[in-house]
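**Q** just to be clear, the model below is a prediction. Sequence and coordinates:
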Amino acid sequence: MKFSSIIGQESLKQQLVQSVANKRVPHAIMLLGREGSGHLSLAVAFAQYLNCENKIEYDSCGECSSCVKSQKLIHPDIHFVYPVTSTKIKKPKSADFIQEWRKEFANNPYQNVQDWVEAIESDNKQGNISADECREIIRMLNFKTFESVYKVVIIWMPELLGKEGNILLKSLEEPPDNTIFILVANNEEQILNTILSRVQIVKVPRLKDSEIIYQLETKEAVGTKEAHAIARQVDGNFNEALKLAKNLEDDNEKLYLLFLRICLKGSHEGKSLIDFCEKVNVDLGRENMKGLLRYGLDLMREVFVLEHIGEAKARLTENELKLAQYMNQRLSFQSKEEIIKRLEESCFYLERNANPKILFMNLGIFLSHLLKRNEVVLT
Ligand SMILES: [Zn+2]
C-alpha cells in the first residue's frame, strides 16, 4: 500500500517519511488513533516505504519487488500480529489466519476488530493475542531479514495483548538491529503501562469531513448530499462511513430490482410502473434518484465484468449475480449498451431538472420493451 492511496493524514505521512530521511526511525512506535482513522493503513504503508528499493518523493515506488510483495502482504520481512480466536484452531496464532488477513485487509483496510473477528469466527468469541504469539514474535526476531534492510513487526490492537504483552518488553526496548515495531492502537488506557513507556506514541488524528466526503464521492459513487450526511454522522470514522454507504447501496439494490421486475411484468407485489414512479418522486429526493440511476449503471458495468472477466472479479450480491447471469444469457451486447446509454441520459436530464416522474416513466417503458423483447426472466 502506498501512502498516496490512504485518505488524508498528509502531515503524518510526511513526518514518517522524514524520520527515514533523517535516519531517526524509532525502533518501536505506536500509531494511536480512533477507529476508522486509517492508522493500520499508515502502518502498512510505512513498512512498505521502509523496505522500498526505489523510494520516490514522499512515497514508496509501488513497483520494485519489495513493494510488490508488501502490497500483497506477502513480504517475508513484514510480519503481522493481530487478534485471533480459538474456535477453528487450538492455540491459534496470527500466521494460521494469514490468508483471511490478506483478504480482509484488501477488502477494507479501515476495518475494526469486530469486523475482523466476525470474518474469521462463527461463534461469539473475542479475539486476543496470546502468550504463544508473543513467544513466536521473539523466536522470529532471531532470524536475519530475508531480503530487505528492515524487519518490521506490525502489531494491530495491542489492547488485546493483556498481561502477556510483558513477554515482549525486552524486545520492544532493545530489538535486534534494523527491527522496527509498529503498534496500531485505538485506546491507550487499555494498554499496559510497561508497553506504553517503551514505544514512541504518534497520534493519528481523526479524518476531516471534507476528506471523507471526497472519498465517498470519488471512490464509492455516493451522491454529494448523501456523502455530506454520512460524513456528519461518522465523526471521522471511515469504516463507519463505508458501512453507511453500503446501506445506501442495499436500498438501491432493492429498489432497482423492484423497478426491473415491474418493467418486465407490468406490476410486482401490487405496484404498477405509475405507482413506482410516484413513490420514487415522493420518497427519494433528486440526489437519491441519481444514486438509484448510478446504481443501475454500476450494475451494468458488473454485468460486463461478469461476462468478460468472470465471477471472481465481479462485485455482485447473490441477487445481483442471478440477474447479471440472466442478462448475459438473454441480452445482446447491443441491448446492454442501449440500457447504459439510457441510464446515462436519464442521469444527465435529472441533473438538469427533468420531471422525475416522467423521467422514470420513460425509462421504465424503454426497459420494459427491451427486456420483454429479449425475454429476460426475473425470479
Ligand atoms: Zn518500491
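**A** Right, received. Where do you want to start? Numbering: from 1, shown residues only.
**Q** Three-state assignment for the closest residue to the ion within the stretch 201-350 of the chain, please.
**A** For the stretch 201-350 of the chain, the residue closest to the ion is Val202, as judged by C-beta to the ion, at 22.7 Å. Glycine gets a C-beta too; all of them are placed from N, C-alpha and C. Using DSSP: H, G, I helix; E, B strand; the rest coil, the three-state assignment for Val202 comes out as strand.
**Q** wait, what's in contact with the residue of the stretch 151-300 of the chain found nearest the ion?
**A** Closest approach between the stretch 151-300 of the chain and the ion, counting by C-beta to the ion: Val152, at 14.2 Å. Listed by C-beta atoms under 8 Å, 6 or more residues apart in numbering, the contact set of Val152 reads 47, 50-51, 77-79, 179-182.
**Q** cutoff 6 Å now
**A** Neighbouring residues of Val152 by C-beta atoms under 6 Å, 6 or more residues apart in numbering: 47, 78, 180.
**Q** the one helix or strand the first one maps to near the ion anywhere?
**A** What it means is Ala47. Element membership for Ala47 (DSSP states H and E) is helix 39-51. No - counting by C-beta under 5 Å from the ion, the ion has no neighbours in helix 39-51; the shortest distance is 7.2 Å.
**Q** buried residues, that helix. List them.
**A** Residues of helix 39-51 classed as buried by neighbour count (16 or more other C-beta atoms under 10 Å): 39-51.
**Q** residue ranges with poor pLDDT in this protein?
**A** For the chain, applying pLDDT under 70 flags the ranges 124, 374-379.
**Q** residues from it in reach of the ion?
**A** Contacts of the chain with the ion, taken as C-beta under 5 Å from the ion, map to 52, 54, 60-61, 64, 67.
**Q** what's the separation between Lys55 and Cys61?
**A** Lys55 sits 7 Å away from Cys61, going by C-beta to C-beta, to the nearest Å.
**Q** hang on, I meant Ile212
**A** Counting by C-beta to C-beta, the separation of Ile212 from Cys61 is 28 Å.
**Q** compare these two (neighbour count), which wins?
**A** The neighbour comparison of Ile212 against Cys61 (other C-beta atoms under 10 Å) goes to Ile212, with 27 against 16.
**Q** Lys163 and Phe80, how far apart?
**A** Note on Lys163: its distance to Phe80, by C-beta to C-beta, is 22 Å.
**Q** the more surrounded of these two?
**A** Phe80 (21 against 9).
**Q** starting from the helix or strand the more buried one falls within, tell me which strands it pairs with and how they run.
**A** With elements taken from DSSP H and E, the one containing Phe80 is strand 78-81. As defined by DSSP bridges, the strand partners of strand 78-81 come to strand 151-156 (parallel).
**Q** could you list the domains of this structure?
**A** 3-206, 250-374 (automatic domain parsing).
**Q** what count of nearby residues applies to Ser4?
**A** Using other C-beta under 10 Å, Ser4 has 12 other residues around it.
**Q** tell me the secondary structure for it?
**A** Three-state assignment for Ser4 (three-state DSSP): helix.
**Q** ok and the residue in the stretch 101-250 of the chain nearest the ion?
**A** Nearest residue of the stretch 101-250 of the chain to the ion: Ser148, at 10.4 Å (C-beta to the ion).
**Q** can I take it that that residue is in a helix?
**A** No - assessed by three-state DSSP, Ser148 does not belong to a helix; its assignment is coil.
**Q** from Arg139, how far off is it?
**A** Noted for Ser148: a distance of 19 Å to Arg139, by C-beta to C-beta.
**Q** again with Ala231
**A** Distance from Ala231 to Arg139, by C-beta to C-beta: 45 Å.
**Q** between these two, which one's more packed in?
**A** Per other C-beta under 10 Å, whichever of Ala231 and Arg139 has more neighbours is Ala231, with 24 against 9.
**Q** now name the helix or strand holding that one.
**A** Secondary structure assignment for Ala231, by DSSP H and E: helix 224-234.
**Q** who does that helix touch, helix- and strand-wise?
**A** Under the contact criterion of 3 or more C-beta pairs under 6 Å, 6 or more residues apart in numbering; DSSP states H and E, helix 224-234 touches helix 209-219, helix 238-265.
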